[in-house]
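Asks: coordinates for the following, if possible.
(one chain, ligands or ions: 1)
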Amino acid sequence: MNQADRSNDNRPSLILSVDIEGWAQSTLDTNLPISSYCADNARRLLGIIGELPGATATCFVLGLFADKHPDVVRELHAAGYEVASHGYGHVQVHLLTPESFREDLRRSIGVIGDIIGQQPAGYRAPVFSIGEGNLWALDVLAEEGFRYDSSIFPIAGPRYGIPDWPNETCSVVVNADRRITEFPLTAKTVMGRNLPISGGGYARLFPGWLLRRMLRTECRRRSTWPVFYCHPYEIDPGEFRRESSETPWGTMHLPLTLRLHQGLGRRGFAEKLRQLGRHFRLRSFADALNAAPTLREIRAAEFSRNS
Ligand SMILES: [Zn+2]
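Replies: Residues are numbered from 1 along each chain as shown. Below you'll find the model as predicted:
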């Protein structure tokens, strides 16, 4: 990692988060295994970030990935990246009960803790699956010792999101007056609608200059740093052309629409990330907590809806 003195660095700060997992296991079927090329992709992506001036990131590592590739987790921790939890099995939180969520969480804390020697401070839910119907998850996270969460999208999405959640970092009061810091994924209001601009398909498809412009506007508009996310597989344009012996889905037929939707924009994504890293100072959530701005306080109960 580039450790150059960046004290004169006047680029806007952007939190970079990398969800370390395998595409097939996380997106296609959670019963599939994590393949060996997922480790190669993770090493390559972190290598790209490591070459950017003053850049670091938070890695939300899936427990299953850590079990399969402990060396990669050890390497990225040794390289100075913050290691946080993406849960164990990538089961979406709204499909779990508070008890089974706690179980999944503890399993991930156990495997990551054994590798890096400390408990992760942060958590990101699979597929941003903390919404208004399961905000009890923030309570469980606080009880299990997490300092922060970054799972809530302040949008009205078809699969996830809480549309009226604040579009900035907040201190959230949960049950029993515990607090947890929530770093929501960054959205941008366009014609009265909040669009997700912090990663995924939108970020792969938007031209790089437009993405940077929208993120720069967010940096100016808010007092806390915006959040961007990506995955190691997003820099692997050849994933759907690999031999069936190498892919977790084997000879299973993947529909063309799925391959197009999931593969689109992968070819140019590494360069897009490099450009982001030149225009923004890429930071971790640990950096953001250390910067310790005064955060707006909100109560989870105000956003909660029993589904
Ligand atoms: Zn994930």
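
Asks: okay, the residue of the stretch 151-300 of the chain found nearest the ion: pLDDT?
Replies: Proximity of the stretch 151-300 of the chain to the ion (Cβ to the ion) peaks at residue 231, 7.0 Å away. For glycine as for every other residue, the C-beta is placed from the backbone atoms N, C-alpha and C. Looking at residue 231, its pLDDT is 96.

Asks: what helix or strand is the nearest residue to it once chain neighbours are set aside located in?
Replies: Nearest residue to residue 231, sequence neighbours excluded (Cβ to Cβ, 6 or more residues apart in numbering): residue 19, at 5.2 Å. Secondary structure assigned from DSSP states H and E places residue 19 in strand 13-20.

Asks: I'd like the next helix or strand past that strand.
Replies: With DSSP H and E, the next secondary element past strand 13-20 is helix 23.

Asks: after that next one, next one along is what?
Replies: Moving toward the C-terminus from helix 23, the next element (DSSP H and E) is helix 36-50.

Asks: does any bit of the helix or strand following that following helix sit next to the ion?
Replies: Sequence order places strand 58-61 as the next helix or strand after helix 36-50, per DSSP H and E. No: using Cβ under 5 Å from the ion, strand 58-61 never reaches the ion; the gap is at least 7.4 Å.

Asks: now strand 58-61: how far from the chain's centre is it?
Replies: Offset of strand 58-61 from its chain centre (Cα atoms, centre = their mean, to the nearest Å): 7 Å.

Asks: tell me which parts of the stretch 1-150 of the chain are close to the ion?
Replies: Within the stretch 1-150 of the chain, the positions near the ion by Cβ under 5 Å from the ion are 19, 21, 26, 126.

Asks: from the chain's centroid, how far away is the longest helix seen in the chain?
Replies: Using DSSP state H to define each element, the chain has its longest helix at helix 98-116. Taking Cα atoms, centre = their mean, the mean C-alpha location of helix 98-116 is offset from the chain mean by 17 Å.

Asks: CA atoms only for that helix, dumped as CSV, please.
Replies: Extracted in CSV, the C-alpha atoms of helix 98-116 (Å, rounded to 0.1, in the frame of the first residue of the first chain):
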residue,chain,number,x,y,z
PRO,A,98,-32.8,-12.7,15.0
GLU,A,99,-31.5,-16.0,16.3
SER,A,100,-30.2,-17.4,13.0
PHE,A,101,-28.8,-14.0,12.1
ARG,A,102,-26.8,-13.9,15.3
GLU,A,103,-25.6,-17.4,14.6
ASP,A,104,-24.4,-16.5,11.1
LEU,A,105,-22.7,-13.4,12.5
ARG,A,106,-20.9,-15.3,15.3
ARG,A,107,-19.7,-17.8,12.8
SER,A,108,-18.2,-15.1,10.6
ILE,A,109,-16.6,-13.3,13.7
GLY,A,110,-15.1,-16.7,14.7
VAL,A,111,-13.4,-17.4,11.3
ILE,A,112,-12.2,-13.8,10.7
GLY,A,113,-11.0,-13.5,14.3
ASP,A,114,-9.0,-16.7,14.1
ILE,A,115,-7.2,-15.3,11.0
ILE,A,116,-6.5,-11.7,11.9
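
Asks: give me the residues contacting whatever helix or strand comes next after it.
Replies: Downstream of helix 98-116, the next assigned helix or strand under DSSP H and E is strand 122-123. Strand 122-123 is contacted from outside by 58, 60, 82, 84-87, 105, 141, 146-151, 285-286, using Cβ atoms under 8 Å, 6 or more residues apart in numbering.

Asks: swap in 7 Å and give it another go.
Replies: Under the contact criterion Cβ atoms under 7 Å, 6 or more residues apart in numbering, strand 122-123 has outside partners 58, 84-85, 141, 146-150, 285.
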